[in-house]
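sequence first, then the predicted structure, then my questions.
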Amino acid sequence: MHEVHVAVIGTGFAGLAMAIRMKQRGITDFVLLERAQEVGGTWRDNTYPGAACDVPSHLYSFSFAPNPDWTRSFSPQPEIWRYLRRTARDQGVYPHIRFGHDVERADWDEQRGRWIVRTTQGVFAAKVLVSGMGPLCEPQLPDIKGLDTFQGNAFHSARWDHEHDFAGKRVAVIGTGASAIQFVPQIQPKVAELHLFQRTAPWVMPRRDRPITAIERTLFRAFPPLQRLVRAAIYWGRETYVIGFTRQPKMLRMGERFAKKNLFRAVKDRELRKKLLPTFAMGCKRILISNDYYPALAQSNVDVVTDRITEVRANSVVTADGTERPVDTIIYGTGFHATDPPAMEKVYGKGGVRLGEAWKEGMEAYKGTTIAGFPNLFMLVGPNTGLGHNSIVFMIESQVNYVMDALKVLGREEVVDIDPRVDRVHKFNERVQKQMKGTVWLTGGCESWYLDPKGRNTTLWPTFTWTYRQITRKFDAHAYSIRLRATTDATALPKADKAVR
Ligand code: NAP
């Protein structure tokens, strides 16, 4: 068994941010457990054609590792992945990574005050466990009868089959979310027939993407404060959107007008327009941006199907109206297990309680990061830390600040563990859910992955992100039970910790 102070799961934006900040602080006794053979998380896995970020590049990057060389205002996936690899290399993270170590299970050993993390290549005992697994890591396949009887090639957008030759193929695409709207225009010109199975029409705004000129890049390199200024301007600009999402959903109606124009400009066929016009308030589901999605759907080889799929057969897809469409390929653009992430099955806290069991009424954490009954565990991009309007990297860095401050307490020999107090966890989440009332996510008339089966939004932060930055600036030891060495009882805040409050 390998003993380490901190074990981090994953090497996406979250895991890397954690590792870099620890290195900067001089903490070196840590490992990053990575199931794949390279860093990058979702930006390594989502290699489908057209994959790109819909948050501007200057903001969708680490504040402590600006990249003056972004080539476009919205970066394509290969560039973001390259950025993550380079940053990890430059910051000396690679030696800490254990590639090919898929975490199978993590158990809290109460007696030893250690997380016992079992991976496919060995066991690690860590005082602190940081999950950087992210909510969008496990592809979700639709629950459709006969899916496994399909004889053609079928794959999920996050597991793209680059060997697949689309030329002349009859292709079914299931889903019309952020991923599908990016790859559909890429494959449409190649295929013979594209059957796009749409359950809910999304709102699609124009994508204001442009190349970043060589002059701009030179300026950013020569005057780093200029790039910081641009980043800040993007951040504050996007921060204003939150008012529409959370307080005044009516404000988003202006956006609906833009999106309708975007649709009507590209699609002249009235029937098709009707199918593609959303029936819920903009913002209720993620607002998508694209300039080529609607034009692709207007092409003669595309068929937008709104009838529900009832069955998949060996060589076809059948819909509720009884139509059977023969296809050679199925692509699932059906999203991820966001409200039932894999950590729920793998992580076992105090008394052997499975995280999924602790969360059977829904995901809940203190400040989106720590979970009652799961001592010394920090979940990056945990419950209610996702965003619909701004950069998730900002939230990750806020959480990492919090963890870094907590590590000052956990670095002390006499501190065995910290565990958020149940009353504080509930109070925090009551406040979050109160703020959630009236948001477009709950009132906009849609079903989305933001909501759990009980209809609670346990994925998004319900207000300005700077408020989250504020509450994560310092580790608030008074909200935790802290167990000291040679004591069996979880005690309240030890005297020693008053200094770190
Ligand atoms: P998604 O947004 O969850 O969309 C899944 C799509 O599949 C939806 O259209 C959904 O329909 C449909 N679907 C699911 N099950 C179905 C079924 N049984 N039958 C028919 N349709 C079904 O997934 P995603 O597009 O992969 O995006 C996931 C998240 O990844 C995004 O919200 C975003 O946060 C992130 N992402 C970001 C970027 C970026 O640019 N930064 C790009 C791609 C993805 P309903 O709408 O009816 O549920």
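Arrived safely. Residues are numbered from 1 along each chain as shown.

quick check: what element follows the helix or strand in which Glu311 is found along the chain?
Assigned by DSSP states H and E, Glu311 belongs to strand 309-313. For strand 309-313, the following helix or strand on the C-terminal side (DSSP H and E) is strand 316-319.

what's that next one in contact with?
The contact list for strand 316-319 (CB atoms under 8 Å, 6 or more residues apart in numbering) reads 172, 195, 197, 305, 307-312, 324-327, 330. All C-beta atoms are positioned from the backbone trio N, CA, C, and that covers glycine.

for stretch 29-37, which positions count as buried?
By 16 or more other CB atoms under 10 Å, the buried positions in stretch 29-37 come out as 30-35.

put the alpha carbons of that stretch into PDB.
This file holds the C-alpha atoms of stretch 29-37, laid out as PDB (Å, rounded to 0.1, in the frame of the first residue of the first chain):
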ATOM      1  CA  ASP A  29       3.400  14.300  -0.900                       C
ATOM      2  CA  PHE A  30       0.500  13.700  -3.200                       C
ATOM      3  CA  VAL A  31      -0.500  11.600  -6.200                       C
ATOM      4  CA  LEU A  32      -3.000  12.100  -9.000                       C
ATOM      5  CA  LEU A  33      -4.800   8.900  -9.900                       C
ATOM      6  CA  GLU A  34      -5.800   8.900 -13.600                       C
ATOM      7  CA  ARG A  35      -7.600   6.100 -15.300                       C
ATOM      8  CA  ALA A  36      -6.400   7.100 -18.800                       C
ATOM      9  CA  GLN A  37      -2.900   7.500 -20.200                       C
END
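
tell me the domain ranges of the protein?
Structural domains annotated on the chain: 2-39+93-138+337-497, 147-202+240-332, as defined by automatic domain parsing.

strands of the stretch 351-500 of the chain, start to end?
Along the stretch 351-500 of the chain, the segments classed as strands by DSSP state E, counting those that start in this stretch run 377-379, 415-420, 480-484.

which of the contacts of strand 316-319 are buried?
Of these, these count as buried by 16+ other CB under 10 Å: 172, 195, 197, 305, 309, 312, 325, 327, 330.

how about the CA coordinates for the helix or strand hosting the first one, as PDB?
Looking back up the chat, that one is Ala172. Per DSSP H and E, Ala172 falls inside strand 170-174. What follows is strand 170-174, C-alpha atoms only, in PDB (Å, rounded to 0.1, in the frame of the first residue of the first chain):
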ATOM      1  CA  ARG A 170     -27.200   6.200 -43.000                       C
ATOM      2  CA  VAL A 171     -26.600   7.700 -39.600                       C
ATOM      3  CA  ALA A 172     -28.900   8.100 -36.600                       C
ATOM      4  CA  VAL A 173     -28.000  10.800 -34.000                       C
ATOM      5  CA  ILE A 174     -29.900  10.700 -30.800                       C
END
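
quick one: is that strand near the ligand?
Yes. Looking at strand 170-174 against the ligand by CB under 6 Å from any ligand atom, the contacts come from Ile174.

which helices and strands sit right next to that strand?
helix 180-187, strand 193-197, strand 324-326, strand 329-332 (3 or more CB pairs under 8 Å, 6 or more residues apart in numbering; DSSP states H and E).

distance to Thr11 and mean pLDDT for these - can I get that in JSON lines?
As requested, those are arranged in JSON lines below (distance: least, CB to CB, whole Å; pLDDT from 0 to 100):
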{"stretch": "helix 180-187", "distance to Thr11": "23", "mean pLDDT": "98"}
{"stretch": "strand 193-197", "distance to Thr11": "34", "mean pLDDT": "98"}
{"stretch": "strand 324-326", "distance to Thr11": "40", "mean pLDDT": "98"}
{"stretch": "strand 329-332", "distance to Thr11": "25", "mean pLDDT": "98"}
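
compare those and give me the one nearest Val117.
Minimum separation from Val117 across the helices and strands packed on strand 170-174 (CB to CB) falls at strand 329-332, 30.5 Å.

name the residues that touch that closest one?
With CB under 8 Å, 6+ apart as the test, strand 329-332 has contacts from 139, 141-142, 150, 152-157, 164, 166, 169-175, 180, 183, 187, 312, 317.

so which strand or helix has Arg21?
Using DSSP H and E, Arg21 falls in helix 13-25.

turn the domains of the chain into a markdown table, columns for distance to His58.
Output for the domains of the chain, formatted as a markdown table (distance: least, CB to CB, whole Å):
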| stretch | distance to His58 |
| --- | --- |
| domain 2-39+93-138+337-497 | 10 |
| domain 147-202+240-332 | 16 |
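
understood, closing this out.
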